[in-house]
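In: A predicted structure for the sequence below; I have some questions about it.
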Amino acid sequence: MARWKCNSCGATKESRCKPKKCSECGAQNSMVKEETEVKEKEAGKKKKN
Ligand SMILES: [Zn+2]
């Protein structure tokens, strides 16, 4: 799952799809994808057999 961060207020939200607007401040199109190093490690752990 991707993490999204609001450029306006800095709130973060985990969602598969890009949120249309920030749930905290209501700013539209302010959510940007936040890249994390953990992401790749998690992907390895969650590998299904
Ligand atoms: Zn916000």
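Out: Sure, I can see it.
In: so what pairs up with residue 12 in the strands?
Out: residue 5 (DSSP bridges).
In: same check on residue 34?
Out: Beta-bridge partners recorded for residue 34 (DSSP bridges): residue 3.
In: what does this structure have sitting close to the ion?
Out: Neighbours of the ion within the chain, by CB under 5 Å from the ion: 6, 8, 9, 11, 22, 24, 25, 27. (C-beta placed from N, C-alpha, C; glycine too.)
In: who are the contact partners of the fifth one?
Out: Going back to what we said before, that points to residue 22. By CB atoms under 8 Å, 6 or more residues apart in numbering, residue 22 lies in contact with 6, 8, 9, 11, 13, 28, 30, 31.
In: where in this structure is pLDDT low?
Out: When residues are selected by pLDDT under 70, those of the chain lie in 36-43, 46-49.
In: can you give me the strands for it?
Out: Listed in chain order, the strands of the chain (DSSP state E) span 2-6, 12-15, 31-34.
In: the last one: which residues count as buried?
Out: Taking 16 or more other CB atoms under 10 Å as the neighbour-count basis, strand 31-34 is seen to contain the buried residues residue 31.
In: start to end distance for stretch 2-10?
Out: Across stretch 2-10, the straight-line distance between its terminal residues is 16 Å, by CA to CA, to the nearest Å.
In: residue closest to the middle of the protein?
Out: Averaging the C-alpha coordinates of the chain gives a centre point, and the residue nearest to it by CA atoms, centre = their mean is residue 3 (1.6 Å).
In: wait, that residue touches residue 31, no?
Out: No: under the criterion of CB atoms under 8 Å, residue 3 is not in contact with residue 31, lying 9.9 Å apart.
In: got any residues that touch both of these two?
Out: Each of residue 13 lies in contact with both residue 3 and residue 31 under the rule CB under 8 Å, 6+ apart.
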